[in-house]
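[1] what's the 3D shape of this:
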Amino acid sequence: IAAVALTDVAAGTSGSTATGLDAQSVTTAGILTGGAVFLLGVTNLMEVVNWIVPLTVVCGLQIGVGLRLASKGIQDIQKLSWGGGYDCIGVAMACALLSMFWLRDNENGTKRREGRGSSTEKLQTNCNHGDGAAGTAANSATASSDCGMDGTLEMGKLNNAHQLETAAALHPRSSFSTTAHASAAGSATLSTLSAPSPTRFHHSPPPSCLARIFKRACCCLDPFPKTPHPVGIYLFLIGCIFAAITLATAGPDSGYDLPLRFFGAPVVINAMKDVTPLNWRQGLLQGALPQLPLTTLNSVISVCCLAHSLYPEKRDPSLVQKDRTDAVVTRREVSVSVGLMNLLLCPLGSMPNCHGAGGLAGQHRFGARHGTSVVILGSFKVFLAIFLGASALTLLDAVPVAVLGVMLTIAGLELVGTGVGMLFECVRKDEERTKAQIEARSDLEQELVVNSKAILRKNALISMVTAGVIVALQKTHYGAISGWIVHMVYGDGFRKLLDWASERRKKSRREGN
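    Residues are numbered from 1 along each chain as shown. Here you go, the predicted structure:
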C-alpha cells in the first residue's frame, strides 16, 4: 500500500501531478485489507490459503523478501560517499565489521540442550549415559550445587572420577566428597557438599559502582558473551549519537526542522472526515487487492512458519502432534490481530499495519527473544509520538543512512537464512515421507531407494523461482503465483491434487453405501 501510495497514478485522475494516493485512499485501503484478513481468520479460511500454498513457496517468499531487504540496504549505502561526514560508506563498513563481531558464532556450531527440567533430574539422566556424558553431568552437577543447599544430592552412577574433577573445575566454589566404597564399586554418589575451605579461596569485596558501570559500558567488547549481544540496541545507539551530533551542529540552512518542539502534532485524527466513494474505489482496486496476497502470505502464513522455526521451545505440543507449522502462534490468531489493528487504528489516522516476517527475523537476529522487546519498542514509539510529535521525524531523519542500511541488510540476510533452513526441513520431511511410502510397499522395498538429490532439486527449484521473481519484479504476490505454478507443474502439486480428489470420491462412495 505504501509503495502504491508513493508511485501509482490514482484511479480516476489524470495528469503528471496525479501521482500517488491521498491519505483518504490509504485509509480506506487499510480498512478493507484489515476487514478481509479479519474475516479469513474468524472463519478459519486462512487454513484453506495455507493448504493451497505449499511450504516451499513460503520458503521462497522468505528468501525473496529477505534478499530485497538486504539489497535495499546495500543500495542505500552505495549511494553515499566514501568520506566527508558522519553518513558515509566508511561508517557503514565500520558498523558492518562490528556487527559481524557481535553476531559471530561463539559456540562453534554447538548449542545447549533444549528443555529445562530440575537439576537433579538432569543429573540422573545425563550421568547414566556413561563416560560420554561427562561434560553434561558436570554442568548439571554444578547447577545442582547452586540450587540444592540442603547438604544432600544424589548423582546416580558415574563411571569415571574425572567427571567430578571436571565439575569442580567448572565450579571451583564448591568441592565434592565421595566415599571410598562407592569409588571401589565403580559408581560415585555425591552425598554431601563440603563447606568451602577458607584456605582455598576468599570472598572478594563487591565491585564499586564505577566498576559496575564500566563493565556494563564495555560489555559490547566481550568476545565470549554469556548471552547474545543486543546488536540492534548497539546500532541504534550509534545512530542516535550521530543524529545528536548532526542536529547539534546543524545550521539554519541544514534542511532540518529545528528547533525541536514538544507536542508538535496531534496523536489521533479523524481520518474518515473527507472520505469519498472515489477513495473507497481507489483503496479497493489499487490498495487492498494487491496487498491482500502479500498480507496472507508474508504477514500471516510466513510469519507463523518463521516463529515456529525460531522458537521451538515455545511450540504447543498439541499442535506439534498434528504436524502444524504454526505451533507457536496460530494463523487464526495472527489474522485476527492484523485485521483488528487496521480496522480500529486506520480510521484514527494510522498507516496500515501487519506482522511482517522481515521484522520478526530482524528483531530475532538483533537479540530479541521475548515479548518484552516488542513492549519496549512500542513504548518508545508512543513516547516519540506523544511528546515529540512532528519533531520525531526530524530525529529519525538525522540518523545516518549508513547505520540504517547495515541494520536493513542484517535483517534481510537473517530472513534469507531462515528460509533456507526451512527449505532443508522440507527436504528432510519429503525424504522421510518417501522412505515410508517405499517401506509400505514391500514389493518395491528392495528395488527403490530415496533419491535425496532429486528431492532437493525439486524443492529448491520451487523456492528459487519464487525468490527470483520477487527480486526481479519487486512484486511479492507475483513470486508467490509463479512458485505455486511451478509446484503444480514441476513439483508434486498436481499429483497431490489428484490424490485428494480420489480420496474425496472414495469417502463419498463409502458414505453412499
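
[2] C-alpha from now on. contacts and neighbour counts both.
    OK.

[3] these two touch, right, Leu348 and Pro266?
    No: if you go by Cα atoms under 8 Å, Leu348 and Pro266 don't touch, sitting 10.8 Å apart.

[4] neighbour count winner among the two?
    Taking neighbours as other Cα atoms under 10 Å, Leu348 and Pro266 compare with Leu348 leading, 16 against 11.

[5] what about the chain, any weak spots by pLDDT?
    Residues of the chain that meet the criterion pLDDT under 70 lie in 3-4, 6-20, 105-207, 209-218, 264, 442-446, 513.

[6] what residues are up against the residue positioned nearest the centre of it?
    By Cα atoms, centre = their mean, the chain has its centre lying nearest to Ala361, at 2.9 Å. Counting by Cα atoms under 8 Å, 6 or more residues apart in numbering, Ala361 touches 306, 411-412, 414-415, 418.

[7] one more time with 6 Å, if that's ok
    Ala361 sits next to 414-415 when contact means Cα atoms under 6 Å, 6 or more residues apart in numbering.

[8] am I right that it sits in a helix?
    Yes: using DSSP: H, G, I helix; E, B strand; the rest coil, the assignment for Ala361 is a helix.

[9] would you list every one of the strands in the chain?
    175-177, 192-194 (DSSP state E).

[10] what is the burial count for Phe410?
    Careful, residue 410 is Ile and not Phe. Using other Cα under 10 Å, Ile410 has 25 neighbouring residues.

[11] ah, wrong one, I meant Ala307
    Quick note: Ala307 (other Cα under 10 Å) scores 22 neighbours.

[12] hmm, Ala265 is touching Gly389, no?
    Yes: counting by Cα atoms under 6 Å, Ala265 touches Gly389, with 4.6 Å between them.

[13] with neighbour numbers in mind, choose between those two.
    Gly389 (20 against 15).

[14] Gly34 is in contact with Asn342, correct?
    Yes: with contacts counted by Cα under 6 Å, Asn342 reaches Gly34, the gap being 5.0 Å.

[15] OK, contacts around Arg495?
    Per Cα under 6 Å, 6+ apart, neighbours of Arg495: none.

[16] ok, it to Gly512 distance?
    Between Arg495 and Gly512 the distance is 26 Å, computed by Cα to Cα, to the nearest Å.

[17] kindly report the same for Ala23.
    57 Å.

[18] between the two, which is the more surrounded one?
    The residue with more neighbours, out of Ala23 and Gly512, is Ala23; 17 against 7, by other Cα under 10 Å.

[19] now the more buried one. Nearest residue, chain neighbours left out?
    Counting by Cα to Cα, 6 or more residues apart in numbering, Ala23 lies nearest to Ala271, which is 7.9 Å off, once chain neighbours are set aside.

[20] burial of that neighbour, as a residue count?
    Based on other Cα under 10 Å, the number of other residues close to Ala271 is 18.

[21] and for Ser254?
    11.

[22] regarding it, what are the backbone dihedral angles?
    phi -80, psi -20 (degrees, to the nearest 10).

[23] ok, now which ones touch it?
    No contacts exist for Ser254 under Cα under 6 Å, 6+ apart.

[24] same check on Ala288?
    Neighbour list for Ala288: 29, 33 [criterion: Cα under 6 Å, 6+ apart].

[25] any idea how far it is from Ala29?
    5 Å.

[26] with Leu393 instead?
    Distance from Leu393 to Ala29, by Cα to Cα: 24 Å.

[27] quick one: which of the two has more around it?
    Set side by side, Leu393 and Ala29 show more neighbours around Ala29, with 30 against 14, by other Cα under 10 Å.

[28] what is the neighbour count of the nearest residue to the more buried one once chain neighbours are set aside?
    Excluding the flanking residues, the one nearest Ala29 by Cα to Cα, 6+ apart is Gly283, at 4.0 Å. Other residues near Gly283 come to 28 when the count uses other Cα under 10 Å.

[29] who are the contact partners of Gly283?
    By Cα under 6 Å, 6+ apart, the contact set of Gly283 is 25, 28-29.

[30] same list (those) but as CSV, adding distance to Ile63.
    Formatted as CSV, these follow (distance: Cα to Cα, whole Å):
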residue, distance to Ile63
Ser25, 31
Thr28, 31
Ala29, 27
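
[31] now intersect those with the helices, please.
    The helices, defined by DSSP state H, take in 25, 28-29 from the contacts of Gly283.

[32] which of those lies closest to Ile455?
    Of all these, Ala29 has the smallest distance to Ile455: 41.1 Å, by Cα to Cα.
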